[in-house]
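Asks: Task: produce atomic coordinates for the following.
(2 chains)
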2 protein chains.
Amino acid sequence: MTFVLKILGSNSAAPAFNRNPTSQLLHVEQNYFLIDCGEGTQMQLNKYKVRFNRIDHIFISHLHGDHYLGLTGLLSTMHLNKRTEDLYLFGPPGIGEILTLQFKYSDTRLHYKIHFRELTQIRELIFENENLTVETIPLNHRIQCTGFLFREKPKKRRLNKAVLPQNLSLSQIARLKKGEDLVNGQGEIIYRNEELTLPPKKSRSYAYCSDTSYYEPIIEQITGVDLLYHESTFLEVETQRASETFHSTARQAAKIAQLAKVKKLILGHYSSRYKDLSLFLEEARSIFPNTVLSIEGEETELKDIIIEHTFPISKKPV
Amino acid sequence: MTFVLKILGSNSAAPAFNRNPTSQLLHVEQNYFLIDCGEGTQMQLNKYKVRFNRIDHIFISHLHGDHYLGLTGLLSTMHLNKRTEDLYLFGPPGIGEILTLQFKYSDTRLHYKIHFRELTQIRELIFENENLTVETIPLNHRIQCTGFLFREKPKKRRLNKAVLPQNLSLSQIARLKKGEDLVNGQGEIIYRNEELTLPPKKSRSYAYCSDTSYYEPIIEQITGVDLLYHESTFLEVETQRASETFHSTARQAAKIAQLAKVKKLILGHYSSRYKDLSLFLEEARSIFPNTVLSIEGEETELKDIIIEHTFPISKKPV
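Replies: Got it, this is the predicted structure:
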């Protein structure tokens, strides 16, 4: 069960020190979700050998250029690559208008269809498939901006092959997978589900929060996520500037991670004034130790956390 | 007298093999002219250590994304860099509308002023300063597209210090520089200008022709230029495809160079289907030997071609 976040761009506003504007690729099972698409994202996808046509869903947080100026180029290249599959685009009002205008002037008629869902500043469920849901996270930025919460759905219990009787029918196996007990013709329980199955693998979650000022209202929504990306444009010494520009410091990102009791924090959206990023890590870790930096090309895998039974299971009916 | 062309992006349509969409920087004396601005141009400027704020004039040939999608990002970064100097933008109808829309949605109010000159499909003089003129070159592409002809103005004759009499007054020197003869009080010539001066340095010229099909009407306008950049999206084997997409082959670019009797040809705008560019060079050189490839980061200096006197000059009045 794949759940891997790949960083394509880690810088804020202007590119600097070979760091590109924001873009991330989240790979969950068969889906590749592109989150923001700053200028140069298609070059970064090339660099890291991601086939563009695997991307079917693109999420744009807001319309500051460093989060979406690579979109028209990427969509055009998909067109040149003869894409025919539908593409699903989620973003704030205005994207449709901008794309329409640019494609009008370039006289481009895409070979494929884009389904655009216009986002609001209200928390909403915007995507759902058999594996996961995506909700928006309303953030507090200078213009409308939402983060995105990717959350795997609860998984099924798994058959515990070590204790499974040989003579079960297919319909009994199916019932076990659904979490049901096995009963005999008289409706009496012959096996409790817990006896023959293991708990489901943990459902994982990733919250993407960029761009935003320090904003506690998000905490309730992101509490307990496995991985939180929270922007950290500045260091604490620039708290005033962060506040004025509706951005956060590394310390503030860590504070949110701490209050939301997330498992792991990943920083990013660094201002071009900082060449050395180690201070970001140091500052955040002083509040929230399990912090890492987003570094372009690097992947963070959200590993399964499996809670195994550690006690012997009785085979006799209860 | 600087006259240097630097290649920032050399590929067509989609970036590939680390080649970026089209952009070039022409440095003539104190001016840095940016010609086209494909996605990632600001990263390329960073890579080659060009200070953005030296660029005061940007010329956009047409509104296919690979020629202008880096513009909004570059203008935004100039704004973030606290630029206050006016900027002059030349391009087809639509750029103003696109920039206005994007800056509206990002809520950006630039610290500096952009003067936009909307180009037509008619040849016109669009820029002039003390050193040079810029004319548009109407090309034949799928949408409105113009090239640009940069031409140094005729230069003044240069004092030949080796033969200059010591006793000339400042006004006599000024007359000589203007190309006038020196006369005495009675209006008689005492020195012919040619005796005391050397011919002016050659005025150099650069023609940028991209994107276009094979289009002989441009020949008259670009005849004799020192350097011609002519797009060569395809090799000859794809002549049919070149024609259908209003592009040129390397052979066709060379044919134009030959017919226009230019000094040197530089190829570019390579299709992403070609990894190895040596075939472009081979194909073009079979027609026009003085051909080079545009390679990102490389510079072509248009050197002075000085025609020196090779005969002894008499000092006696004629």
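
Asks: which ones are touching the residue in the stretch 151-300 of chain A that chain B sits nearest to?
Replies: Proximity of the stretch 151-300 of chain A to chain B (C-beta to the nearest C-beta) peaks at A:S272, 8.0 Å away. C-beta: built from backbone N, CA, C; applies to glycine. If a contact means C-beta atoms under 8 Å, 6 or more residues apart in numbering or on different chains, then A:S272 has A:N11, A:S12, A:A13, A:A14, A:P15, A:A16, A:F17, B:L80 as its contacts.

Asks: if you set the cut-off to 6 Å instead, what comes out?
Replies: With contact taken as C-beta atoms under 6 Å, 6 or more residues apart in numbering or on different chains, A:S272 is in contact with A:A14, A:A16.

Asks: On the three-state scheme, it is what?
Replies: Each residue gets one of three states, and A:S272 gets coil by DSSP: H, G, I helix; E, B strand; the rest coil.

Asks: could you measure it against B:T77, distance?
Replies: Noted for A:S272: a distance of 9 Å to B:T77, by C-beta to C-beta, to the nearest Å.

Asks: ok, how many other residues are close to A:P154?
Replies: One way to gauge burial is a neighbour count; for A:P154, by other C-beta atoms under 10 Å in any protein chain shown, it gives 10.

Asks: contacting residues for the nearest residue to it once chain neighbours are set aside?
Replies: Once its chain neighbours are removed from consideration, A:P154 has its nearest residue in A:S203; the separation is 5.6 Å (C-beta to C-beta, 6 or more residues apart in numbering or on different chains). Contacts here follow C-beta under 6 Å, 6+ apart; on that basis A:S203 touches A:E152, A:P154, A:K155.

Asks: Now intersect those with the strands, please.
Replies: Secondary-structure check on the contacts of A:S203 using DSSP state E: residues within strands are A:E152.

Asks: Make TSV out of the contacts of A:S203 and add pLDDT.
Replies: Output for the contacts of A:S203, formatted as TSV (pLDDT from 0 to 100):
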residue	pLDDT
A:E152	96
A:P154	91
A:K155	89
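
Asks: And the contacts of A:S203, which is closest to A:E124?
Replies: Distances from A:E124 to the contacts of A:S203, taken as C-beta to C-beta, are shortest for A:E152 (18.8 Å).

Asks: Might one say that the closest one is in contact with A:K202?
Replies: No - at 8.3 Å, A:E152 and A:K202 do not qualify as touching, with contact defined as C-beta atoms under 6 Å.

Asks: more crowded one of the two?
Replies: Between A:E152 and A:K202, counting by other C-beta under 10 Å, A:E152 is the more crowded of the two (20 against 16).

Asks: Tell me the spatial nearest neighbour of the more buried one, not counting adjacent residues.
Replies: Once chain neighbours are set aside, the closest to A:E152 by C-beta to C-beta, 6+ apart is A:S203, at 3.9 Å.

Asks: Is stretch A:61-78 in proximity to chain B?
Replies: Yes - with C-beta under 6 Å from any C-beta of the partner chain as the measure, stretch A:61-78 is seen reaching chain B through A:L63, A:H64, A:G65, A:L69, A:T72, A:G73, A:S76, A:T77.

Asks: What residues of stretch A:205-220 count as buried?
Replies: Across stretch A:205-220, burial judged by 16 or more other C-beta atoms under 10 Å in any protein chain shown covers A:205-215, A:218-219.

Asks: hang on, the earlier thing: what score does the residue nearest to A:P154 have for pLDDT?
Replies: The predicted structure scores A:S203 at 92 on the pLDDT scale.

Asks: Could you tell me how far it is located from A:N18?
Replies: Here the criterion is C-beta to C-beta. By it, A:S203 lies 36 Å from A:N18.

Asks: do A:Q121 as well
Replies: A:Q121 sits 34 Å away from A:N18 when distances are taken as C-beta to C-beta.

Asks: between these two, who's got more neighbours?
Replies: It is A:Q121, of A:Q121 and A:N18, that has more neighbours when counted by other C-beta under 10 Å, with 15 against 11.

Asks: Look at that one and give its secondary structure.
Replies: The three-state label given to A:Q121 by three-state DSSP is coil.

Asks: Tell me the bridge partners for A:V292.
Replies: Per DSSP bridges, the residues bridged to A:V292 are A:I266.
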